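[1] For reference, the sequence and a predicted model appear below.
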Amino acid sequence: MSEGDSDALPSATAYVDRFCASLRAERNSSPHTLRAYRKDIAAYLAWCERSDRDFLSIDHRGLRLYLSELSEARYARSTTNRMLSSIRAFYRWLLIEGVIVSDPASVLQGPRQGARLPRVLKPQEMAQLLGVNATDVQAGSIGKAEAVRMRDQAILEFLYACGARISETSELRNDLVDFSQCQVKVVGKGRKERIVPLHALCLDSMMKYRRLARPVLLNGADSEFFFVSTRGNQMKTDAMRKMFKQALVQAGLPSDITPHDMRHTFATDVLAGGADLRSVQEMLGHASLSTTQIYTHLTVERLRQAHKAAHPRS
């Protein structure tokens with residue numbers, strides 16, 4: 001493209017807006033996913049501007065230079081690969097839309113990552129975490145502080161009971177919780193729905209929260225969301241993560257444990273308990289079975305550790 005042609009083109013921001021709109025319309029991408037794409041692409045476009053490069057005419061060599069600068073800045077390999085994935089998706093869209101005639105990102109490969117097993121909480125660690133907000137209140141009026149504890153307990157139980165993502169937990173609606181059938185409908189990535197059973201302890205915690213604590217937090221208001229804030233609004237993911245960090249401190253657990261580690265622990269524990277891989281795939285909402293297979297390695301590793309700890313010849 002000539003310099004004269006580029007003057008008439010939309011701004012970089014306009015292209016990013018259109019790209020995100022297409023993701024929302026065609027893939028039903030969540031707001032969280034769209035924010036991540038925007039952040040990664042904005043960082044890349046800012047680099048293009050600083051280095052005086054036109055993102056519409058850059059070639060694969062220019063993109064390799066960007067990746068090398070990320071490496072020099074000591075970005076984690078996983079972060080670099082994620083950013084490259086966002087850039088690839090953006091350029092694929094630009095090609096499809098006819099904005100560019102060739103895709104400079106199609107030949108690029110990110111840095112290789114060593115195989116790393118997901119983090120899984122030990123049974124004692126899980127017991128400590130789930131014991132932080134445990135309460136024996138079954139009936140009667142309660143204050144806001146007690147209501148918050150009951151809500152937080154229900155959230156922690158829910159994360160472990162069905163392997164839900166923190167975003168899925170925040171988005172959980174009242175009408176998707178079926179206490180009579182002991183199950184919940186979880187809306188995952190791409191707005192795909194899946195049914196996940198809930199065990200008795202989780203059901204008890206969630207029922208106590210709904211019956212006793214939720215009305216206190218709503219304070220006469222109404223909400224379609226199951227988990228609500230102290231102001232009666234949807235409890236957002238940031239607030240849930242903050243609550244989770246506080247629970248870790250109270251439980252005396254490492255601060256780098258994440259809510260997603262609860263999902264890993266759920267998958268590993270149900271597989272170790274005899275669930276088949278396909279069932280776990282369905283419960284997690286994985287599109288590919290290969291994504292779920294990582295947890296089979298975790299269960300084998302647990303068996304090795306148990307054998308080493310218990311066998312007299314180990």
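    Perfect, I can see it now.
[2] contacting residues for Lys245?
    Ser255 (CB atoms under 8 Å, 6 or more residues apart in numbering). For the C-beta atoms, the positions are set from N, CA and C on the backbone; glycine is no exception.
[3] got the end-to-end distance for stretch 51-68?
    The first residue of stretch 51-68 is 14 Å away from its last residue (CA to CA, to the nearest Å).
[4] Please read the previous query as pertaining to stretch 228-247.
    18 Å.
[5] What's the mean pLDDT across that stretch?
    The average pLDDT within stretch 228-247 is 96.
[6] How far does it sit from its chain's centre?
    When distances are taken as CA atoms, centre = their mean, to the nearest Å, stretch 228-247 is centred 15 Å away from the chain's centroid.
[7] do stretch 73-87 as well
    17 Å.
[8] And for stretch 11-23?
    23 Å.
[9] what sits up against that stretch?
    Residues from elsewhere that reach stretch 11-23 (CB under 8 Å, 6+ apart): 10, 29, 33-34, 37-38, 41-42, 45, 55, 89-90, 93-94, 97, 99.
[10] Mind doing that once more with 10 Å?
    For stretch 11-23, the external contacting residues (CB atoms under 10 Å, 6 or more residues apart in numbering) are 9-10, 29-31, 33-35, 37-38, 41-42, 44-46, 48-49, 54-56, 86, 89-94, 96-97, 99.
[11] Can you list the low-confidence ranges for the stretch 51-200 of the chain?
    111, 113-116, 138-140 (pLDDT under 70).
[12] And stretch 242-253, what's buried?
    For stretch 242-253, a neighbour-count test (16 or more other CB atoms under 10 Å) marks Met243, Phe244, Ala247, Leu248, Ala251, Leu253 as buried.
[13] Also stretch 68-83?
    Across stretch 68-83, burial judged by 16+ other CB under 10 Å covers Leu70, Tyr75, Thr80, Asn81, Arg82, Met83.
[14] again, but for stretch 31-38
    Applying a neighbour-count criterion of 16+ other CB under 10 Å, the buried positions in stretch 31-38 are Thr33, Leu34, Ala36, Tyr37, Arg38.
[15] And the strands in the stretch 201-314 of the chain?
    Under the criterion DSSP state E, counting those that start in this stretch, strands are not mapped anywhere in the stretch 201-314 of the chain.
[16] still on that earlier bit, kindly reformat the buried residues of stretch 31-38 as a markdown table containing distance to Asp222.
    Output for these, formatted as a markdown table (distance: CB to CB, whole Å):
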| residue | distance to Asp222 |
| --- | --- |
| Thr33 | 28 |
| Leu34 | 28 |
| Ala36 | 31 |
| Tyr37 | 33 |
| Arg38 | 32 |
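[17] Can you give me the domain assignment for this structure?
    Domain assignment for the chain by automatic domain parsing gives 3-96, 123-255.
[18] Leu253 and Ala127, how far apart?
    11 Å (CB to CB, to the nearest Å).
[19] okay, and the common contacts of these two?
    The contact sets of Leu253 and Ala127 overlap at Leu121 (CB under 10 Å, 6+ apart).
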